[in-house]
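S.K.: Any chance you can model this:
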Amino acid sequence: MAAVKAHPNYQIPLGPNQGRGVACGFWFNVGGESSAQVHVNEDGSVSVASGSPDIGGSRASMAMMAAETLGIPVERVKPIVADTASIGFTHVTGGSRVTFATGMATVQATEKVIDQLKQRAAMIWDISPEAIDWRDGCAYPAGPNAGSFDPLPLAEIAIKAARTGGPIGAEVSVNAQGAGPAFATHICDVEVDPETGHVRILRYTAAQDVGRAIHPSYVEGQIQGGVAQGIGWALNEEYIYDKQGRLDNPGFLDYRVPVASDLPMIDPIIVEVPNPRHPFGVRGVGEVPIVPPMAAVANAIHGATGMRLRDLPMSPPKILAEIDTEEPRRLAAE
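M.R.: The predicted structure follows:
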C-alpha cells in the first residue's frame, strides 16, 4: 500500500466522468510435490531437468537458481522440461507453486551436486571432503590446507569425472511446505461514457509482494497477464444463454476478452519481502494479480459515476441500465 501511495498514478488529477479505484487482494499459494534432476556435463555445463511445463518462465527460473547455488554463469545451465517417464512425480503446474516447489527441488538437487563436486576435488587433492569449501563455482582448500592448492573450477572437476568415480548428478523429490502468501494492491483509473456505458481503462498500476523476483521481467509479465484477465472478468467476459439454455457466444468472436487496444500499459511494481521458507525467498506470483482487478475497476466506476455495481461483468448494458435507474432517483431526491 505504501508503494501504491508513492506512485504517480495515485496523484494524477482526474477529469469529468473519470474515477480512480484502489483494491487489495490476496492468494494463499501452495507448494506440493515436485522433482528435479541436476547433472554436470563433461564440458562443465550443467543440465537441470524438471517436471513442470513452462507457463511462466520456470525454465529460466530453475536455471537461474541452479546457477546461483553453484556460483556459475546462468549461460552454463541448460534447463529441460522432462516428461513423466523420465523424472519423478511433479504435481499440477499452476501460477503459484512451480517456482516455489520445483525451485526448492532444484536447489536441493544442486546442493547434492555440490557435495559430490567437493568429494571429487578431495580425491584430486587427496584431502578430506570436510576440508573443502565451495564458492563462486570452484572448490577451495580450507582449514589446515588453505592455500595449499589452486582453486578447482567446476569445469576442471567435470572433465576428470571419469577418473574420480563417474558421472556427477543428483535427483530430488520434495513435498514442499511453507508457501508464502502473496498480497497485491492495484490502482485503476477509468473513464465512463454516460451515453453508451462503455468503460475505458485509462491507467492501471499493480503493486505486489513477490517474495524474491527470480526473473523480474517474467514476474512483471505474470502480473500484467493476471491484471488483463481480471479486467476482462470485470468488464466483458460473460456466458450468454438463450431461452432454451443454449450458449449464444461459444467462440472468442462473441466472448469478449480484452485485446491490446482495450488496455493501457499495465505498470507493475515489484515489492520484495522474501519468504523465509524458501532458499531464495520465493512466493508464488501468477494468481494473486487476478484477485484485485474486479474490485479496483468497480471502485473506479463508482468514483466516476457514483454508482455501486456488484454484478460481473460490469458491461455497457448493465451500466446504462444503472444510469437509467439512477437518473429518476436523483430527480426524485431533488
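
S.K.: Val190 touches His302, doesn't it?
M.R.: No - counting by C-beta atoms under 8 Å, His302 is not a contact partner of Val190; they are 9.9 Å apart. Just so you know, the C-beta spots here come from the backbone N, C-alpha and C atoms, and that holds for glycine as well.

S.K.: which of those two has more neighbours?
M.R.: Set Val190 next to His302 and count neighbours by other C-beta atoms under 10 Å: Val190 wins out with 30 against 16.

S.K.: so what's in contact with Val190 and His302 at the same time?
M.R.: Gly19, Gly21 (C-beta atoms under 8 Å, 6 or more residues apart in numbering).

S.K.: so how far is Met294 from Arg200?
M.R.: According to C-beta to C-beta, to the nearest Å, Arg200 and Met294 sit 17 Å apart.

S.K.: These two: who's more crowded?
M.R.: Met294 (21 against 15).

S.K.: and Asp54, what is it in contact with?
M.R.: Contacts of Asp54 (C-beta under 8 Å, 6+ apart): Val81.

S.K.: Report the separation between it and Met62.
M.R.: 9 Å.

S.K.: Same check on Gly94?
M.R.: Taken as C-beta to C-beta, the span from Gly94 to Met62 is 16 Å.

S.K.: more crowded one of the two?
M.R.: Set Gly94 next to Met62 and count neighbours by other C-beta under 10 Å: Met62 wins out with 30 against 16.

S.K.: quick one: contacts for that one?
M.R.: Ala36, Val48, Ser50, Pro79, Thr102, Gly103, Thr106.

S.K.: at 6 Å instead, please
M.R.: When contacts are counted by C-beta atoms under 6 Å, 6 or more residues apart in numbering, Met62 touches Val48, Ser50, Pro79, Thr106.

S.K.: What strand or helix carries the last one?
M.R.: When elements are assigned from DSSP states H and E, Thr106 belongs to helix 103-125.

S.K.: That helix - contacts with which helices or strands?
M.R.: Helix 103-125 is packed against strand 32-40, helix 58-70, strand 132-135, helix 154-159, strand 168-176, with contacts defined by 3 or more C-beta pairs under 6 Å, 6 or more residues apart in numbering; DSSP states H and E.

S.K.: mind redoing it with 7 Å?
M.R.: strand 32-40, helix 58-70, strand 132-135, strand 138-141, helix 154-159, strand 168-176 (3 or more C-beta pairs under 7 Å, 6 or more residues apart in numbering; DSSP states H and E).

S.K.: can you give me the mean pLDDT across it?
M.R.: Averaging pLDDT along helix 103-125 yields 97.

S.K.: That helix to strand 32-40, inter-axis angle?
M.R.: Put simply, helix 103-125 runs at 30 degrees to strand 32-40, going by axes from the mean of the first three to the mean of the last three C-alpha atoms, to 10 degrees.

S.K.: In helix 103-125, which of the residues would be classed as buried?
M.R.: Within helix 103-125, the residues that count as buried by 16 or more other C-beta atoms under 10 Å are 103-114, 116-122, 125.

S.K.: Report the backbone C-alpha coordinates of that helix in CSV.
M.R.: What follows is helix 103-125, C-alpha atoms only, in CSV (Å, rounded to 0.1, in the frame of the first residue of the first chain):
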residue,chain,number,x,y,z
GLY,A,103,12.6,-24.4,-7.4
MET,A,104,13.1,-26.0,-4.0
ALA,A,105,13.7,-29.4,-5.5
THR,A,106,16.2,-27.8,-8.0
VAL,A,107,18.1,-26.1,-5.2
GLN,A,108,18.3,-29.2,-3.1
ALA,A,109,19.5,-31.3,-6.1
THR,A,110,22.1,-28.7,-6.8
GLU,A,111,23.3,-28.8,-3.2
LYS,A,112,23.8,-32.5,-3.5
VAL,A,113,25.8,-32.0,-6.7
ILE,A,114,28.0,-29.5,-4.8
ASP,A,115,28.7,-32.2,-2.2
GLN,A,116,29.8,-34.5,-4.9
LEU,A,117,32.0,-31.9,-6.5
LYS,A,118,33.7,-31.4,-3.2
GLN,A,119,34.2,-35.1,-2.8
ARG,A,120,35.8,-35.2,-6.3
ALA,A,121,38.0,-32.3,-5.5
ALA,A,122,39.1,-34.1,-2.4
MET,A,123,40.1,-37.1,-4.4
ILE,A,124,42.1,-35.0,-6.8
TRP,A,125,43.9,-33.3,-3.9
